[in-house]
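**Student:** Provided below for reference: sequence and predicted model.
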Amino acid sequence: VVLWQGQLVIRDRRLFLRDAKKLDVAILGRSIEIEPSYKNTLGKVPVVVRLYDAKRVAETINVSAHVKHVLLAVVADGPISRGEVFTRSHLKVQECINDSDDIQPVTDPGVIIGQESAVALNPGEMISVRKVKSPILVKRGQVVNVRCFVGSLVVRTGGVATENGSLDDLIRFRNDSTGE
């Protein structure tokens, strides 16, 4: 733990203290306990700081921290259009800051190569899981071959897809011979 210019740095997390002046107390020779008072680990988090003299609490200070995670993440190397398929040349890995538990950054470019961008991306923009989608492999109206496996029995028929589908999606189809 390092306290520096209103920031507490703990491994790859940085706590930007909104109430840093409250911590302008002598800490030399004291132990410090830092306890978040909220379940979120990123973003605005109320924090209780306890200062110990020997083994007893000497002072308790309530502060508000903005917690940010510093990590290596995948970013757009240039502009990427919505629906564009990711290639290695679109991507680079660089140090990023994430300050939300709701954002799941992509950390391995190999995971999204061949996938599509769900949104338009700006150069240097961090790519999260929500900004990536699987490409459509079956389009609505496309003729498909359908196989149903039940134990060792395989039922095979043909039909027309009634909706789009990606890898591992279950989609509906219409059997042309029965109309169902």
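**Tutor:** Yep, it's here.
**Student:** and the gap between the most centrally placed residue in the chain and Phe149?
**Tutor:** When Cα atoms, centre = their mean is applied to the chain, the residue found nearest the centroid is Gln104 (0.5 Å). To Phe149, Gln104 is 33 Å away according to Cβ to Cβ, to the nearest Å. No exception for glycine: its C-beta is placed from N, CA and C like everyone else's.
**Student:** What separation do you get for Ile97 and Asn145?
**Tutor:** Taken as Cβ to Cβ, the span from Ile97 to Asn145 is 48 Å.
**Student:** which of these two has more neighbours?
**Tutor:** Between Ile97 and Asn145, counting by other Cβ atoms under 10 Å, Ile97 is the more crowded of the two (13 against 9).
**Student:** Quick check, that one in contact with Val70.
**Tutor:** Yes: here Ile97 lies in contact with Val70, judged by Cβ atoms under 8 Å, at a distance of 5.7 Å.
**Student:** Next, count neighbours for the spatially closest residue to Ser128 that is not a sequence neighbour.
**Tutor:** Spatial nearest neighbour of Ser128, chain neighbours left out: Ile103 (4.9 Å); criterion: Cβ to Cβ, 6 or more residues apart in numbering. Counted with other Cβ under 10 Å, the neighbours of Ile103 add up to 16.
**Student:** and what of Glu163?
**Tutor:** 13.
**Student:** Excluding chain neighbours, what is closest to it?
**Tutor:** That would be Ile171: by Cβ to Cβ, 6+ apart, it lies 5.0 Å from Glu163.
**Student:** Can you tell me the SS state at that neighbour?
**Tutor:** coil (DSSP: H, G, I helix; E, B strand; the rest coil).
**Student:** Off-centre distance for the top strand by length along the chain?
**Tutor:** Identified as the longest strand of the chain according to DSSP state E is strand 56-76. Strand 56-76 has its C-alpha centroid displaced from the chain centroid by 18 Å (Cα atoms, centre = their mean, to the nearest Å).
**Student:** Mind giving me the packing neighbours of it?
**Tutor:** The contact analysis (3 or more Cβ pairs under 8 Å, 6 or more residues apart in numbering; DSSP states H and E) places strand 56-76 against strand 13-17, strand 43-53, strand 91-98.
**Student:** Nothing else from me, thank you.
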